[in-house]
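Engineer: Sequence and predicted structure are below.
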Amino acid sequence: MLNDMNGFDLVLVAALAVFLLWEAYGLIASRGKIQMKAQIYGRFVAMGIVLVLMGLAIFQRRNELNSVTLWVILGGVLVGCLLYILTPTGFGEKGLYFNGKLTPFEKFQYYCVERETEKGFALRLHTNKREFVLDFAQAQQPLVLAWMSKGKVVDFETHLAATRE
């Protein structure tokens, strides 16, 4: 297999290995620790784009379909996408698990409730460096706000008033 790889293929396989290890770590790190799951709608759109790109890669390299390297790379991308989809996002005792990475409650400056509809709402969480947007069912809103209170995360108005003082 290594004999038919060029330098670019080796870099691609190495990057894919790092991606797979990262996704596997995220799945393992967050499993069983999430007590309130959130929804992230963009995940399936992103995976659809990846699948279209994979289809284009197969079409582009259709003369090389017997290449083991091509199938290793495509199989690795599929496994990585599956791990990404299976990695849960939500709140646990210590904070927010987002794509397998824990952000403790202490890091959040404030939250905002947005896009309220009959079906659900979006919760926007702010840190110094990052912003998270999570979707929840409308019935979960009191529970989510209780999690914010438990984690001592204030709403935007409270944060704004505290920064003005």
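Structural biologist: Thanks, I have the structure now.

Engineer: and G90, what are its bridge partners?
Structural biologist: For G90, the beta-bridge partners under DSSP bridges are K37, Y97.

Engineer: Kindly indicate whether R124 is helix, strand or coil.
Structural biologist: When classified by DSSP: H, G, I helix; E, B strand; the rest coil, R124 comes out as strand.

Engineer: Quick one: residues contacting the residue lying closest to it once chain neighbours are set aside.
Structural biologist: Leaving out its chain neighbours, the residue that sits closest to R124 by Cβ to Cβ, 6 or more residues apart in numbering is C112, at 4.5 Å. The C-beta positions use only the backbone N, C-alpha and C, and glycine is treated the same way. Shown in contact with C112 (Cβ atoms under 8 Å, 6 or more residues apart in numbering): L123, R124, H126, D155, F156.

Engineer: Please name the residues that touch the first one.
Structural biologist: It refers to L123. A38, Y111, C112, V113, E114, V133, L134, D135, F136, V144.

Engineer: Relative to G32, which of these is nearest.
Structural biologist: A38 (16.1 Å; Cβ to Cβ).

Engineer: and the nearest residue to D135 once chain neighbours are set aside, how many neighbours?
Structural biologist: Counting by Cβ to Cβ, 6+ apart, Q39 is the residue found nearest to D135 once chain neighbours are left out, at 4.4 Å. Q39: 14 surrounding residues under other Cβ atoms under 10 Å.

Engineer: wait, Q39 sits on F136?
Structural biologist: Yes. With contacts counted by Cβ atoms under 8 Å, Q39 reaches F136, the gap being 6.9 Å.
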